[in-house]
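I would like to see how this sequence folds:
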Amino acid sequence: MINRMMDYLKKYKLVASIIVGIGVLLIPICVFAEEIQVDPDAPFYYNPSNGYFGIDNASPFAKLTLRLVPTAKPKYSSMWDYGGNGAFLIDGSNSNLNEGVMALGTIFSGVTGIPTGIAFHRYGSTWGTDIRFYAHPDDTSTYDGFNEVMRMQGNGKVGIGNVNPQYTLDVSGDMKVSSGLNVNGNLGVGSTSPAAKLTVKLVSSGKPKYSSIADYGGNGTLLIDASGSNINEGVMALGTIFSGGTGIPTGIAFHRYGNTWGTDIRFYTHSDDAVTVASFNEVMRIKGNGKVGIGLTDPQYTLTVSGNVAARNFITSQAVWADYVFGKSYALMSLDKLESYIQEHKHLPDVPSETEVLKNGVNISDMQKTLLQKVEELTLYVIKQGKEINSLKKDNVELNKKNEKFESNIGALQQEINELKKK
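Prediction:
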């Protein structure tokens, strides 16, 4: 029977040898006391002491051991039950050599064809170093080299589109997520050191520009920051075009200067009848000191408006009002002194001059108080004059009565004179 198998193997060479080799695994040939070479041209070896079968390997160290390179540094592949727990392991090397590769797929050596598959790489006398995935463009029908599309390193880092990933997932190219993306740490887009949940690096050279989204203070407040601690300034804009190009720039820009919090908020619009960008049209600015400017960029007051203001109602809170004019201790200027003051200064006392108004403007609240003060003073002048007029009227009535009595007396005297003349 043995001689018949040897003749069969010599006739059909390698193909038949593989079939017989598998058959040898299934047929109990424990009668052999040592390794038996099946075919000297395509050597198959069987060790009855441990049941190991070797192809081109006289000392198999697993259930099936294949030596792929017969000379120089030998390459082995073995198939065995890892740990005796039923786990099937295909190993690309063993302790007898320093490196190995186990590949599953199509062509992985320098021949014509499309290389596609998975390669398990091992370096040194340790366990596998990385897993590499190879594919090929659909529109290519000729072999032009290996195209590694993904690599899983032994440190757990995965690279897609690159062979040396620096992060747990390192993608060189575009990425699309159709459903949710859960990130427990910080996520950087164009940034290798994200400072917040989402950090976007907008400029790759020169002074880098970052934008980040973070939970400010851990209280659920969403913070969109235009920069991080690595840069000195930044701008976060919400709206349409904020850089060179045609279009209408409209939106809100949050400006930050220096390693401090935001300096100001700027609002941009454009004329309704304009179709091209001539320049940015800033219509309002809120500065970091709380001052708001409408129509100007450097407000000096809490609200500064460069232009007209229309309102249905205007309410102001005034701490000092002019009712003190009606107090008994208030010294009302005499009309003579008032006249002299007006002739000298050309305006009422306590009222700013025209020169001051043109230079500094008018404080509406203070002016309202001053105008009320003048109205109340005028009221006092009118009351005083009213009293004087009433007094004059009373005196005039008395004078009229006296005049009537005098005229009556004169009439009586005239009558007496006339009678005396008749005598």
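
residue 62 contacts residue 55, correct?
No: in this structure, residue 62 is not within contact of residue 55 by CB atoms under 8 Å, at 11.5 Å. (Each C-beta comes from the backbone N, C-alpha and C, glycine too.)

for residue 189, give me its contacts.
Neighbour list for residue 189: 198-201 [criterion: CB atoms under 8 Å, 6 or more residues apart in numbering].

narrow these to those in strands?
Mapping the contacts of residue 189 onto strands (DSSP state E) picks out 198-201.

most neighbours out of those residues, which is it?
residue 199 (23 neighbours; other CB atoms under 10 Å).

please name the bridge partners of that one.
Counting by DSSP bridges, residue 199 forms beta bridges with residue 188, residue 212.

I'd guessed it sits against residue 188; true?
Yes: counting by CB under 8 Å, residue 199 touches residue 188, with 4.8 Å between them.

okay, now the domains of this protein?
Domain ranges of the chain: 1-97, 111-173, 200-310, 326-422, per automatic domain parsing.

pick out the shakiest of the ones you listed, pLDDT-wise.
Mean pLDDT values for the domains of the chain show the minimum at domain 1-97, a mean of 57.

re earlier: could I get the contacts of residue 189 in TSV, plus columns for distance to residue 163?
Formatted as TSV, the contacts of residue 189 follow (distance: CB to CB, whole Å):
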residue	distance to residue 163
198	27
199	26
200	26
201	24
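
may I ask which two of those are separated the most?
198 and 201 (11.3 Å; CB to CB).

tally of neighbours for the closest residue to residue 321 other than its chain neighbours?
Of all residues not flanking residue 321 in the chain, residue 369 sits nearest, at 6.2 Å (CB to CB, 6 or more residues apart in numbering). Counted with other CB under 10 Å, residues neighbouring residue 369 total 16.

count of neighbours near residue 307?
Neighbourhood size, residue 307 [other CB under 10 Å]: 7.

wait, it touches residue 294, no?
Yes: the pair residue 307 / residue 294 is scored as a contact, 7.2 Å apart, by CB under 8 Å.

before we move on, back to that, could you check how far the residue nearest to residue 321 is from residue 289?
Distance of residue 369 to residue 289, given as CB to CB, to the nearest Å: 26 Å.

and what of residue 395?
Counting by CB to CB, the separation of residue 395 from residue 289 is 65 Å.

go on, residue 265?
12 Å.

comparing the two, which shows the higher neighbour count?
More crowded of residue 265 and residue 289, by other CB under 10 Å: residue 265, with 16 against 9.

did I read that right, the more buried one in a strand?
Yes: note on residue 265: a strand contains this position according to DSSP: H, G, I helix; E, B strand; the rest coil.

quick one: contacts for it?
252-255, 285-286.

residue 422 now?
Under the criterion of CB under 8 Å, 6+ apart, residue 422 has no contact partners.

let me see the backbone angles for it.
When quoted as degrees, to the nearest 10, the phi and psi of residue 422 stand at phi -70, psi -30.

distance check, it against residue 365.
Note on residue 422: its distance to residue 365, by CB to CB, is 84 Å.

how about residue 408?
Distance from residue 408 to residue 365, counting by CB to CB: 64 Å.

and the two? which has more neighbours close in?
Between residue 408 and residue 365, counted using other CB under 10 Å, the more crowded position is residue 365 (13 against 10).

sec struct for the more buried one, please.
The three-state label given to residue 365 by three-state DSSP is helix.

residue 316 is in contact with that one, correct?
Yes: at 5.0 Å, residue 365 counts as touching residue 316 under the criterion of CB under 8 Å.

in the stretch 301-423 of the chain, which spans are strands?
For the stretch 301-423 of the chain, the strands defined by DSSP state E, counting those that start in this stretch cover 303-305.

which residue packs closest to residue 264, ignoring adjacent ones?
Distance criterion CB to CB, 6+ apart; nearest residue to residue 264, sequence neighbours excluded, is residue 287 at 4.7 Å.
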